[in-house]
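1. Mind looking at a prediction? Sequence and model below.
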Amino acid sequence: MNYPFLFARKERKGLYLLLLLSVIFIGGKFYFFPAPVFESSMLKVQSTKFAIPEIRVYKIPEYLIDPNALKASDWLAMGLDATLAARIEKYTSKGGHFYEAKDLLKMYGMDTSFYKKVECKIQIAPKEKREFEKHVNPSKAFVPHERKVKALLEVNAATQEQLIELDGIGDKLAARIIKYRDMLGGFVSKQQLRKVYGMDSVNYNKIQSQITVDPLLVKRVAVNTATAEELSKVKFVGVKRAKAIVAYRESHGDFSSLKDLLKTQVVNDSILYLIEPYILLNDIR
């Protein structure tokens, strides 16, 4: 009689070995390769892939604003990001300037949606010498005004305070202008301002359209009546040359023309050209 489920000894040993290996294989799989936690993984994927972006609410003022005059706190009050607000304030405090509204888009991180909302409220004042408020009050409107045509400043009669009002002229440069003007006796041309220490081409180009020079206000010395001391104060004359001019005058009489100074041997054509605007023959011009 045949029994289909009876195995020989060798066959049983093989079967037992196969079962043992199966158990080891299945147990090792779960031990070394645990099943992923699908719930936490899915939540992580969903939170990363489908995260809802932060919605920033902007509070655009009703009044006009000048971005060159605002502080970081003013930008924050309008809802702008703190990092961007600080970046804008740093830019303007270091001398940066917005010349038109769209210049705001050049700031790194500027939100275009914010710009579209605030664009119509931007009013940039002309870049001229003026004092912006150190602490802008967001509740106070920036009221644009018509730019009035300024009268030209006559530098021979200008005070230090008036010179400071010119673009690029500070306290020290204004003081040096007046000191040099007094030493000369006055300016006979705008270009003489270039001789003032600290007056570079940039500053000169800024102010040349805002100033004028009246040569009639120049202090002039009469060579036929002046003492040697008075003549020595004329720039490019000096003490020795002044004494020689007075000595020649006393020996030969009054000068009939300024060119007669060439006869003194101490004045040549170059010196005469330099001093001529500051001298005259007699006190009556």
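-> Arrived safely. Residues are numbered from 1 along each chain as shown.
2. Is residue 57 in contact with residue 79, as I believe?
-> Yes. Residue 57 is within contact range of residue 79, at 5.7 Å (criterion: Cβ atoms under 8 Å). Backbone N, C-alpha and C define where each C-beta goes, glycine included.
3. between the two, who's got more neighbours?
-> residue 79 (16 against 5; other Cβ atoms under 10 Å).
4. Figure out the helix or strand that the more buried one lives in.
-> In this assignment (DSSP states H and E), residue 79 forms part of neither any helix nor any strand.
5. For it, which non-adjacent residue is spatially closest?
-> Closest residue to residue 79 apart from its sequence neighbours, by Cβ to Cβ, 6 or more residues apart in numbering: residue 58 at 4.1 Å.
6. burial measure for that neighbour, as a count.
-> Residue 58: 13 neighbours (other Cβ under 10 Å).
7. For the remainder of this discussion, apply numbering that starts at 11.
-> I'll keep to 11 as the first residue from here, and by that count the last item is residue 68.
8. Which of the helices or strands spans it?
-> Per DSSP H and E, there is no helix or strand for residue 68.
9. Ramachandran angles for it?
-> The phi/psi pair for residue 68 (degrees, to the nearest 10) reads phi -100, psi 140.
10. now swap in residue 290 and tell me
-> Dihedral angles (degrees, to the nearest 10) for residue 290: phi -150, psi 170.
11. ok, it touching residue 230?
-> Yes. Shown here, residue 290 and residue 230 form a contact pair, counting by Cβ under 8 Å, at 5.0 Å.
12. And residue 220, how close does it get to residue 177?
-> Separation of residue 220 from residue 177 (Cβ to Cβ, to the nearest Å) stands at 7 Å.
13. Which segments of this structure make up each domain?
-> Domain assignment for the chain by automatic domain parsing gives 67-156, 163-227, 231-290.
14. Find the helix or strand that the most centrally placed residue in the chain is a member of.
-> With distances taken as Cα atoms, centre = their mean, the residue of the chain nearest its centroid is residue 105 (2.3 Å). Secondary structure assignment for residue 105, by DSSP H and E: no helix or strand.
15. Okay, it and residue 177: tell me how far apart.
-> Taking Cβ to Cβ as the measure, residue 105 falls 14 Å from residue 177.
16. Also residue 134?
-> 16 Å.
17. The two - which one has more neighbours?
-> residue 134 (19 against 15).
18. follow-up on the earlier one: can you tell me which of the domains of the chain has the worst average pLDDT?
-> Lowest mean pLDDT of those: domain 67-156, a mean of 74.
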